[in-house]
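Undergrad: just coords:
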């Protein structure tokens, strides 16, 4: 397939002029807010809303006593639709700090806020556990959990314990990551409006299908009655991948009050009321034989979940696919703590899995006196060590060699602490590799060609900043021979085709093949000049519709698409295994005195299959690298165990990078189509870009300072 | 947010007439509105002084006079500030973001309240500053951003600002106007240590207004810097900062100024560090000695002990930068 042209974002002008309408941009006569629990665990003994009800302009005050007719939507990972199984305000139970205890609706946002501050609650408190090391946290090996073992069993290849015991050189290291929160700029928000028995929800979501079916379940109404419209998402990053806790409350209030209601959940409440990256601890043991070949990896993970849900762990699967280590043993334990259920935050498992594994590999290379790039390239494989199946495509070594050249790796003195900048700062150069499953999902697509040459496609996918409209336009335009600006897309809208969750980096790899198939069908039916054929037949427009499944996906699991449930397939596809790969090269500068770490340059080379939209793809890489820098050096949600919940609940105190933290980021793509995944050759991009960044920075920091730092985020005090 | 009355003052006298125990002064609004939205501040009355004619920057003899209503960005960019006292300009540049500096007034910036998480985030956290008598969650809590100097058993909330730290180093004074007329107060006396009354941030009376800041332009101010170490390159409060100035004759230090930010309950002038330097020859070793002396009375809590070393190094680096300017 020819390379796609580097067109500008089709919605670039609209975005910079503020034209797109996001869910919360809609004006409504009524505004809702929540009062939330100040305790972590127990039950509501009493709730007094008299003062709240007395606020001028207040229209509705509701507590669990009013909402008992709603049903839990269930947990997304166990047959439901919600980010957690626990739905607040259906009982007096308190299961995490920050959970809603009262709903306030008023004529103005200010009156709702004033009323929320006047809700008085008394609690019966019981002891709780906030961290994976806390007393009372319950540790459950995933292999012994009720989770379906055919999906969530531990990753095992060969005999890792035996090979580790026989190894000539070993590395045994432990890493830690605090909880982190996605913090998309667009807050979680809902506008709900009833027309008779029909409900319309405007909400920025990655999963309008789950909202439709989840709300229907909660209200006990037919899904046909619920429409969800989400044409733009102002950043999702996994936090908006399922039904949030406020959607049903807003819809309930709108029905009760007979008028549209809007709620924008304040950021401080989102820290305690939406999913997040759980706290985790990672022990990696590597063994190499006398020739330095990596023969064994044992990877143990403890990661936090809630009391009420088992958030399934998937750290060991990607770790086993990064290199060709013949003997691999994963061991994952879920640690139940008293928080809301954590979830998927960009590269949810792969960020830490690749940080842990690839930092350990760097340590092994150092122990063996091998060059870090050369050593990684020697670990290549074209077969998946776990299943023995071939990889659908794998160009990690090409990423490494091209990146090394772009970066100037040969100028690196291998000795730690050996390189200095002109101003005396310590210079470090490090490499880090990452991988992410090339999953895909079933999709329905429709395509309409109008006699004026305009094309409209509808497909199950959401625009959350990644530029999917541009990818769809580029792919359809190339197929039909029209200009990309002639192609528009109806997405994130349940009035069109079924909407599947856009997550797991399967969005482009799922939606692009679907619209291409719809275009191909049109060409098949109308011939190579469809407009001429339409003119001959006197047609004003012509529409095709297709539905496709992931490669090798049976019909039964794919049907979940039609009920708003996740239906992804892969990375093990029966005949092959699909992963995207990336290599990052980082240069760091460490101030010798105060030990501030700067990252002036990162070179990233990506194997994501075919690149469909070069410009937005490059943006994706840069965004992922920025987040990788943040994850490695900045971000931590703080937990005070005496109180539970989270402490630094705003983006002044939750430190993400600013522009001044980001230096040069050079990006290159291998751009080799992966024909086994789909005819479009697309693997995934949005998450692999973040994997390996933290390893590259930590490895470069070691090279600069001689210090191995294994707890994220790395801060000056760790180097003093 | 509770209802409040709003009054825009046309003159200083208007403003003074409107001030009372239950009133809060509004200048740029960058702190007050924030704390009102958090429910930490709940004034009955807000007196807006943004229109008052307090926006002059001028030199009087050898004193830099900055109106209390001058925007942080305007002071940071003013050539007289940058050339006569680079530490002041740098302290302003390195505070907040450009958007906030464009809004925030110097007088208000001096009075910025602490960023202690337990203070800002309300219930259920114990905080004597927010709710006298409720306790101090920070003492045994997450104290990475809390004070090692000037704290008490009732409060270790760090003073968050930068500009006041630089002012403290150079014997600045604040002009204060109240019902009984105007008075001058040394900047170092403006802020209080928490002692047993952490709810009282300053020695300003509720009916008084800061109208100007006066900075004597000593030679050490010309050879000065504000060195700020923080968790990111911009838009972050100091983990530790040092405002320093040096006057060196031959190789002998005749005047040295050292003040610390991010590590103390108020802008912290370190006479201990200055005494190490004054009257002795300057060297990197001496600078390091001064940095260690600056933290000699530090009392760390669970998560901030690293700042004794980090702070010593920051003071050392700042002195080395200043020495290149003297």
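TA: Sure thing, it's come through. Here the structure is a predicted model, which is why all the values come from computation and not from measurement.
Undergrad: give me phi/psi at the closest residue to chain A within the stretch 1-150 of chain B?
TA: Going by C-beta to the nearest C-beta, chain A is nearest to residue B:124 of the stretch 1-150 of chain B, at 4.3 Å. Just so you know, the C-beta spots here come from the backbone N, C-alpha and C atoms, and that holds for glycine as well. According to degrees, to the nearest 10, the main-chain angles of residue B:124 amount to phi -90, psi 10.
Undergrad: looking at it, residue A:596 is touching residue A:716, isn't it?
TA: Yes: judged on C-beta atoms under 8 Å, residue A:596 makes contact with residue A:716 at a distance of 5.7 Å.
Undergrad: quick revisit: the residue of the stretch 1-150 of chain B closest to chain A - nearest residue in space that isn't next to it in sequence?
TA: residue A:38 (4.3 Å; C-beta to C-beta, 6 or more residues apart in numbering or on different chains).
Undergrad: Enumerate every residue touching the one you found.
TA: Applying C-beta atoms under 8 Å, 6 or more residues apart in numbering or on different chains to residue A:38 gives the contacts A:97, A:121, A:123, B:123, B:124.
Undergrad: Residue B:106 too?
TA: Taking C-beta under 8 Å, 6+ apart, we find residue B:106 in contact with B:66, B:67, B:68, B:69, B:70, B:71, B:72, B:75, B:163, B:213.
Undergrad: Could you list the paired strands of the lengthiest strand in chain B along with their orientation?
TA: Longest strand in chain B, counting residues (DSSP state E): strand B:238-249. Strands adjacent to strand B:238-249 in the sheet, as given by DSSP bridges, are strand B:224-230 (antiparallel), strand B:252-261 (antiparallel).
Undergrad: Centre of the chain to that strand, how far?
TA: 14 Å (C-alpha atoms, centre = their mean, to the nearest Å).
Undergrad: related to what we said a few turns ago, okay, residue A:596 and residue A:716: which has more neighbours?
TA: Shown here are residue A:596 and residue A:716; by other C-beta atoms under 10 Å in any protein chain shown, residue A:716 has more neighbours (23 against 20).
Undergrad: Check what pLDDT that one gets.
TA: Residue A:716 is assigned 96 on the pLDDT scale.
Undergrad: And the pLDDT for the nearest residue to it once chain neighbours are set aside?
TA: Nearest residue to residue A:716, sequence neighbours excluded (C-beta to C-beta, 6+ apart): residue A:595, at 4.3 Å. In this model, residue A:595 is scored at 97, pLDDT.
Undergrad: Contacts only, for residue A:595.
TA: Shown in contact with residue A:595 (C-beta under 8 Å, 6+ apart): A:705, A:716, A:717, A:719, A:720, B:310.
Undergrad: Okay, now the unreliable bits of chain A?
TA: Chain A contains residues with pLDDT under 70 at A:1-2.
Undergrad: Around chain B, pick out the residues from it.
TA: By C-beta under 8 Å from any C-beta of the partner chain, the residues of chain A that approach chain B are A:38-39, A:110, A:113-114, A:117, A:268, A:593-596, A:598, A:634, A:638, A:640, A:642-643, A:647-649, A:652-653, A:655, A:657-661, A:715-717, A:720.
Undergrad: Among those, name the ones in helices.
TA: Within those, residues falling in helices by DSSP state H are A:110, A:113, A:114, A:117, A:268.
Undergrad: Now do the SS call for the residue nearest to the third one when sequence neighbours are not counted.
TA: With C-beta to C-beta, 6+ apart as the criterion, residue A:114 has its nearest non-adjacent residue at 5.1 Å, and that residue is residue A:55. Local secondary structure at residue A:55 is given as coil here, using DSSP: H, G, I helix; E, B strand; the rest coil.
Undergrad: right, and residue A:710 touches residue A:175 too?
TA: Yes: the pair residue A:710 and residue A:175 passes the contact test of C-beta under 8 Å, sitting 4.5 Å apart.
Undergrad: Show me the common contact partners of these two, please.
TA: residue A:359.
Undergrad: more crowded one of these two?
TA: Counted by other C-beta under 10 Å, residue A:710 and residue A:175 do not tie: residue A:175 has more neighbours, with 23 against 19.
Undergrad: Give me the phi and psi for residue A:417.
TA: Dihedral angles of residue A:417 (phi, psi; degrees, to the nearest 10) stand at phi 60, psi 20.
Undergrad: circling back to that earlier point, reformat the contacts of residue A:595 as CSV; add distance to residue A:505.
TA: As requested, the contacts of residue A:595 are arranged in CSV below (distance: C-beta to C-beta, whole Å):
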residue, distance to residue A:505
A:705, 34
A:716, 33
A:717, 35
A:719, 34
A:720, 38
B:310, 39
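Undergrad: Just the buried ones from those?
TA: Listed as buried from the contacts of residue A:595 are A:705, A:716, A:717, A:719, B:310; burial here means 16 or more other C-beta atoms under 10 Å in any protein chain shown.
Undergrad: OK, contacts around the third one?
TA: When the contact criterion is C-beta under 8 Å, 6+ apart, the partners of residue A:717 are A:595, B:306, B:310.
Undergrad: Identify, from those residues, the entry nearest to residue A:259.
TA: Distance ranking of those against residue A:259, using C-beta to C-beta, places residue B:306 first at 54.8 Å.
Undergrad: Just give me the neighbour total for that closest one.
TA: For residue B:306, the neighbour count with other C-beta under 10 Å is 18.
Undergrad: Got the domain ranges for chain A?
TA: For chain A, automatic domain parsing gives the domain ranges A:23-126+A:182-270, A:139-180+A:276-438+A:575-718, A:439-563.
Undergrad: Is it possible to get CSV of those domains that adds distance to residue B:219?
TA: Formatted as CSV, the domains of chain A follow (distance: least, C-beta to C-beta, whole Å):
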stretch, distance to residue B:219
domain A:23-126+A:182-270, 47
domain A:139-180+A:276-438+A:575-718, 26
domain A:439-563, 53
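Undergrad: So residue B:101, which state does it fall into?
TA: Looking at residue B:101 with three-state DSSP, the answer is helix.
Undergrad: thought it was touching residue B:89?
TA: No: look at residue B:101 against residue B:89 with C-beta under 8 Å: they stay out of range, at 11.6 Å.
Undergrad: Pull up the overlap in contacts between these two.
TA: Joint contacts of residue B:101 and residue B:89 (C-beta under 8 Å, 6+ apart) are residue B:76.
Undergrad: Between those two, point out the one with more neighbours.
TA: Of the pair residue B:101 and residue B:89, residue B:89 is the one with more neighbours under other C-beta under 10 Å, namely 24 against 21.
Undergrad: Contacts only, for the residue in the stretch 101-250 of chain B that chain A sits nearest to.
TA: The minimum distance from the stretch 101-250 of chain B to chain A, using C-beta to the nearest C-beta, falls at residue B:233 (3.6 Å). Contacts for residue B:233 (C-beta under 8 Å, 6+ apart) come out as A:598, A:658, A:660, A:661.
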